[in-house]
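Novice: Sequence and predicted structure below; questions after.
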Amino acid sequence: MSKNKTVYFCAGWFTDKQNKAYNEAMEAIKANPTVDVENSYVPLQHQYKGLRVDEHPELLEDREWAAATYNGDRVGVQTSDVIMAVYIPDEEDIGMGIELGMARALGKYNLIVIPDDEWGKPINLMTFGAGDNFIKLSELKDYDFNKPSFNFYDGAVY
C-alpha cells in the first residue's frame, strides 16, 4: 500500500496571477515525495470530453458539458485523500469555495496554499473556516501530506 496521498488540485487558471501560482504549485507537488501525483485529481485535466472552457468559451452555454464537468470534479473531491487549494486572497474563486465546502462536509482535509507574495493579505472568512492548515507556496514541496495538522492563517479575515 502506498504511503503517498492523492490530492484534489484546486486552483484557478483564469488570470496571469492564478496561472503562475498554478504552475508553481504543480511543480511543487510533483517534487513532493508524499503526493501520488499520477493518481491525483487535477480538474483542468478532467474537463468533459477534454474540452477546456478557457479555450472554448461556447461551452459556457452547453449544459451537458457544464453538468458533466461539475460532476467529474465532485467525484474528484469525494475520492481524493486531501484537498489542496491554491488560494489567491484578492482573487476569490467561487468554484474553489464550493469545492472546499464539499470537502469540509465530507470530512476531507483542506490544505490552503498561498503564494508567498500574497501571504498575510486578508482572506475570506469562509475559506478561513474551511481550511485545516495554511502554508506558503514555497513550503508545498516539503509539506508532509502523511502528517496532516491544524494551523491558523497568519492574516486577517473579511
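Specialist: Noted; the coordinates are in hand.
Novice: ok but residue 134 is inside a strand, no?
Specialist: Yes. Assessed by DSSP: H, G, I helix; E, B strand; the rest coil, residue 134 belongs to a strand.
Novice: Tell me the confidence at it?
Specialist: pLDDT for residue 134: 98.
Novice: and if you look at residue 131?
Specialist: pLDDT for residue 131: 98.
Novice: and what of residue 2?
Specialist: pLDDT, residue 2: 55.
Novice: The chain should start at 536 in everything you say after this.
Specialist: All right, first residue 536 from here; so that's residue 537.
Novice: Tell me the secondary structure of the closest residue to residue 579 other than its chain neighbours, please.
Specialist: What sits nearest to residue 579 in space, not counting adjacent residues and going by CB to CB, 6 or more residues apart in numbering, is residue 548, at 6.0 Å. Placement of C-beta: from N, CA and C, glycine included. Under the three-state scheme (three-state DSSP), residue 548 adopts coil.
Novice: Equivalent analysis for residue 543, please.
Specialist: Applying three-state DSSP to residue 543 yields a three-state assignment of strand.
Novice: can you pull the contacts of it?
Specialist: 575, 576, 578, 611, 612, 615, 617, 618, 619, 634, 638, 643 (CB atoms under 8 Å, 6 or more residues apart in numbering).
Novice: Which secondary structure elements does the host helix or strand of residue 561 sit against?
Specialist: Per DSSP states H and E: residue 561 is located in helix 551-566. Other helices and strands packing on helix 551-566, by 3 or more CB pairs under 8 Å, 6 or more residues apart in numbering; DSSP states H and E, are strand 542-546, strand 617-621.
Novice: Show me the one of the ones you listed that comes nearest residue 592.
Specialist: Closest approach to residue 592 among the helices and strands packed on helix 551-566 (CB to CB): strand 542-546, 19.9 Å.
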